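S.K.: structure for the following, please:
(2 chains)
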Amino acid sequence: MSDAVTDSLADPFREARRLARESGDFSVLVATVPYARYLGVQLSLHEGRPRAMLPFRQELVGNPRLPALHGGITAAFMENAAMLHLLYQLETTRVPKSIDFSIDYLLPARTEELYADCEIGRMGSRVAQATIRCWQKSQDRPVAVARAHFLLMTPE
Amino acid sequence: MSTQNLETIAAAFLGYIPHMRECGLSLVRGSPEGVELRMPFREDWVGDPIRGVLHTGPITVLVDSASGFAVLAATPVPETIATLDLRMDYLRPALRDKDLHCRAECFRLTSQIAFVRATVWQDDREQPVAISQSAFMRSSTGKPWKPEARA
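M.R.: Model prediction:
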């Protein structure tokens, strides 16, 4: 087996991470997580940090009358923003495992794009703590804030 | 709300709310004491293909949906509610190829706030994959809607 193949088996995220870091193309990294791909999460570098974006589509609506996105979608998007941020930043060989997640809803999420930034508050050898902020039109009017813990699977 | 009303409302909601329909959610049982929803497995729900484990996102979608239903089930008449906060604890991995079940119960209903807890499992309810607690704000008056109030 070639070294490249051995490497890709050892760390399926290595090439995805390299692409994201070197060219800001996160599509391969997102594609490693089927649910992130399903949601349609996109990432780009903003002032050197990953920023997540979720384009609107009709299937994500939770309240057709307001109308508003499903609350679970806002939460799921923010969990993805944190998870993908960790996959990008760490040299981890596996998807970080969610331990817990807690969200405060501040405003109804309208039927337009969602944006999220993630800040890593603590990066231990086994656990990472993340704070996620989510907004739509205006970054200073967040629709939700959340915090989460992840269990990291670091190389042996 | 009566069980019969709840079933009628659930059927309408699950077919009408785009993301609930998209997820294939169905009501297994429901009463003022609590509701149980089922979410069928779908390849898109996978979070870690190497481990064969579901992403936590769809689990949160299921819990948010079931918890909202539990509040509606506990109120005398349907009313508008908004999630204030929701906390998830992921107790063990949820495995691919298996459905998810969620039981949500509104354990305290005040005039303005509803408190809900929920449990998610796959094969065995005694081995939950996640538990959750959440708070909802009820519609501003907190009073049951009365037809004569509109006159």
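S.K.: now the residue nearest the centre of chain B: which helix or strand?
M.R.: Of all residues in chain B, the one closest to the mean position by CA atoms, centre = their mean is B:A66, 0.7 Å from it. With secondary structure defined by DSSP states H and E, B:A66 is part of helix B:56-74.
S.K.: now the element after that helix, going C-ward?
M.R.: For helix B:56-74, the succeeding helix or strand toward the C-terminus, using DSSP H and E, is strand B:82-90.
S.K.: what pairs with that following strand, parallel or antiparallel?
M.R.: Each strand pairing with strand B:82-90, determined using DSSP bridges, is listed with its direction: strand A:97-105 (antiparallel), strand B:130-137 (antiparallel).
S.K.: in the helix holding B:A66, what's buried?
M.R.: Of the residues in helix B:56-74, those buried under the neighbour-count criterion (16 or more other CB atoms under 10 Å in any protein chain shown) are B:56-74. (Each C-beta comes from the backbone N, C-alpha and C, glycine too.)
S.K.: now do stretch B:89-103
M.R.: Buried, per 16+ other CB under 10 Å, within stretch B:89-103: B:90-91, B:93-94, B:96, B:100-103.
S.K.: I figured the residue nearest to the centre of chain B hits B:R103, correct?
M.R.: Yes. B:A66 sits in contact with B:R103 when judged by CB atoms under 8 Å, with a separation of 7.3 Å.
S.K.: please enumerate the shared neighbours of those two.
M.R.: Residues touching both B:A66 and B:R103 (CB atoms under 8 Å, 6 or more residues apart in numbering or on different chains): B:35-36, B:118.
S.K.: before we move on, the earlier item: TSV for the strands paired with strand B:82-90, including mean pLDDT?
M.R.: Output for the strands paired with strand B:82-90, formatted as TSV (pLDDT from 0 to 100):
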stretch	mean pLDDT
strand A:97-105	97
strand B:130-137	98
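S.K.: may I see the ones you listed arranged in TSV, with mean neighbour count and distance to A:R17 as well?
M.R.: Shown next, in TSV, are those (neighbours: other CB atoms under 10 Å in any protein chain shown; distance: least, CB to CB, whole Å):
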stretch	mean neighbour count	distance to A:R17
strand A:97-105	21	18
strand B:130-137	21	29
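S.K.: helix or strand next in line after the worst-scoring helix or strand of chain A on mean pLDDT, which one?
M.R.: Of all regular secondary-structure elements in chain A, judged by mean pLDDT, DSSP states H and E, the least confident is helix A:3-10 with a mean of 53. Beyond helix A:3-10 in the direction of the C-terminus, DSSP H and E gives the next helix or strand as helix A:14-23.
S.K.: does any bit of that next one sit next to chain B?
M.R.: No. Contact of helix A:14-23 with chain B (CB under 8 Å from any CB of the partner chain) is absent, the minimum separation being 13.1 Å.
S.K.: would you mind listing what in chain A touches chain B?
M.R.: A:12, A:32-39, A:58-64, A:69-73, A:75-77, A:79-80, A:83, A:94-95, A:97-105, A:108.
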